[in-house]
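> Pasted the sequence and its predicted model underneath.
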Amino acid sequence: MRLKGKTALITGAGSGIGRESALLFAREGARVVVADVADDPGKDVVADIEAEGGQAAFVHADVSSPDDAQEMVAFAERTFDGLDVLFNNAGISHPADDDAVSTALDVWEQTMAINLRGVFLGCKYGLPALRRRGGGVVINTASFVATLGAATPQLAYTASKGGVLALTRELAVIHARENIRVIALSPGPLRTELLMKYLDTEEKRQRRLVHIPMGRFGEAAEIAKAALFLASDDSSFLTGTNFLVDGGITAAYVTPESQ
Ligand code: NAD
């Protein structure tokens, strides 16, 4: 068991990567705080973990709210006696997010509030809790789009994830001597709700798959396995990294399919 005796708080744990990570971390011995703005899916994850004999608790939290961010960390410390792993995973992709000319200011603000301010607030309240524990790990979910540009833009989303990378690097340097590791996890295109709601026809999916050397979308469970590695002592000399798990998309200039 790679997380035995550890407490992990995962935001956006009601769905996709967060849900799979919560289930996997619990199987590896962690007590898991499932934080989400969606109550029913979050409570379902807790029930699924408990049905497998694991330990978990749900806390309602909108990561863009300072009060909620503070309370989710306090809840973790109250409920499970401390915090060892903070996984800032919650994020949105707004349907009206486009290029600079077309993207409305409120779409930009909402995306930044959840994807970037949410990570900042998680760190603001989570880092003191890790300090109280004598160390720990912060994993911030970025994206392959923080590394690559696309002609089908999602400017606010891309900029928010670029911010997550920069913030992660700096925090890793600040806290390295405190036994706190801070890592960005950048998934490639995944077969989760967040992306598939846009790629809703076979033609659209194929157009995207052409760019992925592996020729398939990733699964949330594959990202959860990477998160487990990052959360555990197996990655003890790793901090400040942009950990890409992307089917080779950022390595590709041309792929076999696009030639
Ligand atoms: P998802 O939509 O399946 O799950 C996201 C979860 O976050 C949901 O349970 C949702 O309720 C929750 N959430 C949304 N806003 C919230 C808020 N303000 N406060 C708390 N919780 C909130 O998405 P996913 O694919 O699992 O994505 C998880 C993370 O991975 C996101 O940060 C996303 O940007 C990133 N990511 C996803 C992909 C992909 O292709 N799916 C690729 C790269 C990065």
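On my side now, so go ahead.
> ok, V119 touching V164?
Yes: V119 lies in contact with V164 (C-beta atoms under 8 Å); the separation is 5.4 Å. (C-beta placed from N, C-alpha, C; glycine too.)
> higher neighbour count, those two?
V119 (31 against 26; other C-beta atoms under 10 Å).
> which residues touch that one?
Contacts for V119 (C-beta atoms under 8 Å, 6 or more residues apart in numbering) come out as 63, 88, 140, 164, 167.
> give me the element the fourth one is part of.
Same thing as V164. helix 155-175 (DSSP states H and E).
> for that helix, which positions count as buried?
155-165, 167-169, 171-172, 175 (16 or more other C-beta atoms under 10 Å).
> of the contacts of V119, list those near the ligand.
V63 (C-beta under 6 Å from any ligand atom).
> Quick one: low-confidence residue ranges for this structure.
Judged against pLDDT under 70, the chain has no low-scoring part.
> any idea of the angle the longest strand seen in it forms with helix 155-175?
Ordering each strand of the chain by length in residues (DSSP state E) puts strand 180-187 first. For strand 180-187 against helix 155-175, the angle by axes from the mean of the first three to the mean of the last three C-alpha atoms, to 10 degrees is 160 degrees.
> Please tell me how far the residue nearest to the spatial centre of the chain sits from L230.
The C-alpha lying nearest the average C-alpha coordinate of the chain belongs to N89 (C-alpha atoms, centre = their mean; 2.5 Å). According to C-beta to C-beta, to the nearest Å, N89 stands 12 Å off from L230.
> What of L148?
Distance of L148 to L230, computed by C-beta to C-beta: 21 Å.
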